[in-house]
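1. I would like to see how this sequence folds:
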Amino acid sequence: MRATAARFGWVALCLVPLSLGVGRFWYLYIAPGEGIPYQYRSVALSATDGLAALTCVGWLAWRWRSGPQPGVPRGTGFVLAALALLALAAAASLNAAVDRSIALGVTAQLAILVLFFLAASDLLARFPRRHVLTVASVAVVSQALLAAWQAVAQSTTPAGRLFNGWATELTAHDQGASVVMLPVAGRWLRSYGTFPHPNILGGFLALSLALIAINDDPRLSRLRAVALVAGLVALLLTFSRAAWLAVLLGAATGLFATPGAKVTLLRIRGRLAVALALALFMLVVLVRVGSQGSLVERNSMDTRRFYDSVAWKVVARGIPVGAGNLVLAQQHLLGAASAGSEPAHDVFLIALAELGPLGPAAWLSILGSLLAVAWLRRADRSARAGPLVAAAVLAPLLLFDHYLWTQSPGRVLLVLTLALLMSLRAAQGSDKQPGAAGRQVETSAAACCRPPGSLNTFAGS
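-> Numbers count the residues shown, from 1 in each chain. Now for the predicted structure:
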């Protein structure tokens, strides 16, 4: 029975990457707000939330009265404590929050995600990681194919209606952040995949590519090569500068941290395709940077500066534990005409406004905990790569966008990324990990079918 519960939790965990692209929500509560999109003023459940909860249920059923078990991988406690601090900061803001129902919903999800991180870390140490990485690779390739179709058709059809419930699809003729100006093509629709915004697709691809690239399981080499090439091309089509920066920093950090500085991409059969994808990547980056003077780009930058200034006005009200949901607080404290309908594009600034000084301190502690884990694992260069890459990829996404905090699936994506990159060991082509007594764990099909309680797969304490 316990073995079945563990496998149930593992299957739910493996399906999370696929569910992230489904933008359908079940709304439990919607706060009043003038012109504010529902996702910024609601408590809602998604398929991703359900799978995260099922992962926790399966893990708890397996762990219930199971007796002493091997500890989690070394350093996991640091990240767990940092996530718990973030949940504590959210709980502390409840009394001062403009809308307590939304603040309570965020706090409850963060508490569940602390448990989800522990459950995912535990399950990842007992089941072959290639399962969840295979699903992540399939998700990346699927999103890439749809992104390519959207680039050709210059329309979000059919993803907007099908996956997000939109009334109409977007095209290159629409206004706003969905369009960029290219030197020859003119107005160009950024690719959405199945996500509600190109930046969210870009963030998903950046984090997924980090997970896939740092893994070196030979059994996934072909799928991995396809996912890397497809993911890089799709990332270009999002025109997300934060995601581009995240990938560049993650790649540089991975090369630095990988043992022997041996580039894994040079060993795959598709190295020519990867080289072409990288060349195209740099070309599109230069084109996007070169178009900064266009009206569309100036409007985008002006909008970001406006919402940053609005957030600082909320911070200036001096609420010690924050004002709760930033978009609602903006309209409540400053008036709808002066506040707009979106949050700032900076998670640290949003956290300062919503949770007080404890908010950005918690986010910094998450990044700091990753560096601390890398330091603890400094003797094993393969084990330190995951935490370092996680910090490098997450930092620009947190500094220059907001969906990893303001979107419920984004928070799940963040925690899943932390768990996976903490568990991955770069440049090791097997699922073997040293046990507490130096033993090697079996990862054959027979071993996978044993009750999870019988598997000795943990590395360190």
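
2. off-centre distance for the strand or helix carrying Gln109?
-> Secondary structure from DSSP states H and E places Gln109 in helix 100-124. In terms of C-alpha atoms, centre = their mean, to the nearest Å, the centre of helix 100-124 is set 14 Å apart from its chain centre.

3. next SSE after that helix?
-> Next along the chain from helix 100-124, counting by DSSP H and E, comes helix 130-153.

4. elements contacting that next one?
-> helix 2-19, helix 198-214, helix 221-238 (3 or more C-beta pairs under 8 Å, 6 or more residues apart in numbering; DSSP states H and E). From N, CA and C alone the C-beta is placed, and that goes for glycine too.

5. helices or strands next to the first one in the packing?
-> Okay, so that is helix 2-19. So helix 2-19, by 3+ C-beta pairs under 8 Å, 6+ apart, packs with helix 47-63, helix 100-124, helix 130-153, helix 408-423.

6. next one: it to chain centre, how far?
-> The answer for helix 2-19 is 19 Å, by C-alpha atoms, centre = their mean.

7. could I get the helices and strands packed on helix 130-153 as CSV with mean neighbour count?
-> Shown next, in CSV, are those (neighbours: other C-beta atoms under 10 Å):
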stretch, mean neighbour count
helix 2-19, 20
helix 198-214, 27
helix 221-238, 23
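
8. how about these, which one is nearest Trp405?
-> helix 198-214 (11.5 Å; C-beta to C-beta).

9. relative to helix 2-19, how tilted is that closest one?
-> Interaxial angle, helix 198-214 versus helix 2-19 (axes from the mean of the first three to the mean of the last three C-alpha atoms, to 10 degrees): 130 degrees.

10. report the helix or strand with the lowest average pLDDT across this structure.
-> Counting by mean pLDDT, DSSP states H and E, the chain has its least confident helix or strand at helix 445-448, which shows a mean of 39.

11. looking at the helices and strands packed on helix 2-19, which is nearest to Leu255?
-> Across the helices and strands packed on helix 2-19, closest to Leu255 is helix 408-423 (C-beta to C-beta), at 15.7 Å.

12. list the buried residues in stretch 242-255.
-> For stretch 242-255, a neighbour-count test (16 or more other C-beta atoms under 10 Å) marks Ala242, Ala243, Trp244, Leu245, Ala246, Val247, Leu248, Leu249, Gly250, Ala251, Thr253, Gly254 as buried.

13. rewinding a little: between the helices and strands packed on helix 130-153, which gets nearest to Ala92?
-> helix 198-214 (27.4 Å).

14. helices or strands up against the closest one?
-> By 3+ C-beta pairs under 8 Å, 6+ apart, helix 198-214 packs against helix 130-153, helix 221-238, helix 241-257, helix 381-400, helix 403-406, helix 408-423.

15. by mean pLDDT, show me the worst of these.
-> Per-stretch mean pLDDT for the helices and strands packed on helix 198-214 is lowest at helix 241-257 (a mean of 89).

16. now do that helix and helix 408-423, the angle between them.
-> Using the same axes, to 10 degrees: helix 241-257 against helix 408-423 is 10 degrees.

17. what's the angle between helix 241-257 and helix 381-400?
-> Using the same axes, to 10 degrees: helix 241-257 against helix 381-400 is 160 degrees.

18. elements contacting helix 241-257?
-> helix 198-214, helix 221-238, helix 271-290, helix 381-400.

19. select, out of these, the one closest to Val152.
-> Of these, the one closest to Val152 (C-beta to C-beta) turns out to be helix 221-238, at 10.0 Å.

20. helices and strands around the closest one, which ones?
-> helix 130-153, helix 198-214, helix 241-257, helix 271-290.

21. mind putting the helices and strands packed on helix 130-153 into JSON lines with distance to Ala311?
-> Listed next are the helices and strands packed on helix 130-153 as JSON lines, based on distance: least, C-beta to C-beta, whole Å:
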{"stretch": "helix 2-19", "distance to Ala311": "30"}
{"stretch": "helix 198-214", "distance to Ala311": "18"}
{"stretch": "helix 221-238", "distance to Ala311": "24"}
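
22. which of those helices sits closest to Ala185?
-> Going by C-beta to C-beta, the one of those nearest Ala185 is helix 221-238, 12.3 Å.

23. how far does the closest one sit from its chain's centre?
-> 17 Å.

24. repeat that for stretch 231-240.
-> Using C-alpha atoms, centre = their mean, the offset of stretch 231-240 from its chain centre is 16 Å.

25. stretch 91-104 too?
-> On C-alpha atoms, centre = their mean, the centre of stretch 91-104 falls 24 Å from the chain's centre.

26. then stretch 20-35?
-> 19 Å.

27. try stretch 160-177
-> The answer for stretch 160-177 is 23 Å, by C-alpha atoms, centre = their mean.

28. got a list of contacts for that stretch?
-> 21-24, 154-158, 178-179, 187-190, 192, 194-199, 300, 303 (C-beta atoms under 8 Å, 6 or more residues apart in numbering).

29. just the buried ones out of these, please.
-> Buried among the contacts of stretch 160-177 by 16+ other C-beta under 10 Å: 21-23, 154-156, 178-179, 187-190, 192, 194-199, 300.

30. among these, which are located in strands?
-> Val179, Arg187, Trp188, Leu189 (DSSP state E).

31. hey, what's the second one bridged with?
-> With DSSP bridges as the criterion, Arg187 is bridged to Met181.

32. related to what we said a few turns ago, let's have the ones in strands among the buried ones among the contacts of stretch 160-177 in TSV, adding pLDDT.
-> Conversion of these to TSV gives the following (pLDDT from 0 to 100):
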residue	pLDDT
Val179	86
Arg187	86
Trp188	89
Leu189	93
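
33. biggest separation within those residues, which pair?
-> Most distant of these, by C-beta to C-beta, are Arg187 and Leu189, 7.7 Å apart.

34. and for those two, which residues touch both?
-> With C-beta under 8 Å, 6+ apart, Arg187 and Leu189 have common neighbours Ala172, Val179.

35. mind listing what's buried in the one helix or strand Leu86 maps to?
-> For Leu86, the host element (DSSP H and E) is helix 76-92. Under the neighbour-count criterion of 16+ other C-beta under 10 Å, helix 76-92 has 76-80, 82-92 buried.

36. all good on my end, thank you.
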